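**Q** Sequence unavailable; structure follows:
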């Protein structure tokens with residue numbers, strides 16, 4: 001199955017000149033969804049994972065599936081002010097300024113093996129910030145995995161200290 005058949009390009013979203021990779025056609029197709037989940041799981045191979053960290057919001061979809069299949073816990077990382085309990089924060093750079101991500105301070109224990117997941121790896125700023133949060137809590141990042149990697153944006157360069165795997169490359 002070619003998963004690219006289930007990814008729709010939306011031109012000029014969220015701003016002019018951007019081609020957004022829309023995964024909702026993949027999510028609504030149960031066969032493509034299962035295929036993608038199994039393929040993402042295969043990227044992990046037989047590594048022991050204690051926690052799967054998913055990034056708001058589209059990273060949650062597959063992170064939850066992966067956590068369930070890996071018999072691991074799921075940890076959400078959200079934008080500032082969205083998590084209800086005590087958090088730690090990490091600021092990161094965007095093309096047009098900065099943003100802040102948060103994680104619950106008790107979500108990862110020292111030495112836990114962590115899989116970081118998001119739907120798209122673009123410039124790598126969000127994923128790098130999440131990795132810093134995980135490491136501040138004492139987690140060991142086993143791998144960063146993505147459904148889609150936009151190779152031309154070179155986001156994996158910001159994650160050069162980690163194993164990075166992606167299903168689809170554009």
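**A** Everything's here; your move. Because the structure is a prediction, the values reported are computed rather than measured. Residues are numbered from 1 along each chain as shown.
**Q** beta partners of the residue most central in space within the chain?
**A** Centroid check for the chain by CA atoms, centre = their mean gives residue 118 as the closest residue, at 1.6 Å. Taking DSSP bridges as the rule, residue 118 bridges to residue 146.
**Q** In contact with it, which residues?
**A** Contact partners of residue 118, counting by CB atoms under 8 Å, 6 or more residues apart in numbering, are 54-55, 58-59, 63, 126-127, 130, 144, 146-147. C-betas here are computed from N, CA, C, even on glycine.
**Q** tell me the mean pLDDT for the helix ranked longest in the chain?
**A** Across the chain, the helix with the greatest residue count (assigned by DSSP state H) is helix 30-44. The predicted model gives helix 30-44 an average pLDDT of 98.
**Q** Just the buried residues of that helix, please?
**A** Neighbour-count burial for helix 30-44, with 16 or more other CB atoms under 10 Å as criterion, is recorded at 32-33, 35-37, 40, 43-44.
**Q** same deal with stretch 56-64?
**A** Quick answer for stretch 56-64 (16+ other CB under 10 Å): 56, 58-64.
**Q** what about residue 21, distance to residue 152?
**A** Distance, residue 21 to residue 152, by CB to CB, to the nearest Å: 12 Å.
**Q** More neighbours: those two, which one.
**A** residue 21 (19 against 9; other CB atoms under 10 Å).
**Q** Stretch 117-128: end-to-end distance?
**A** 12 Å (CA to CA, to the nearest Å).
**Q** residues in contact with stretch 107-115?
**A** Contacts of stretch 107-115 (CB under 8 Å, 6+ apart): 44, 47-53, 66, 70, 72, 75, 134, 137-145.
**Q** now with 6 Å?
**A** Under the criterion CB atoms under 6 Å, 6 or more residues apart in numbering, residues 48-53, 75, 134, 137-143 lie in contact with stretch 107-115.
**Q** Tell me the one among those residues nearest to residue 159.
**A** Using CB to CB, residue 141 is the member of those that lies nearest residue 159, at 9.2 Å.
**Q** pretty sure that closest one is in a helix, no?
**A** No - assessed by DSSP: H, G, I helix; E, B strand; the rest coil, residue 141 does not belong to a helix; its assignment is strand.
**Q** burial measure for it, as a count.
**A** 19.
**Q** Show the pLDDT at it.
**A** 98.
**Q** One more: residue 96?
**A** Note on residue 96: pLDDT of 69.
**Q** Tell me the one among the contacts of stretch 107-115 nearest to residue 164.
**A** residue 143 (7.5 Å).
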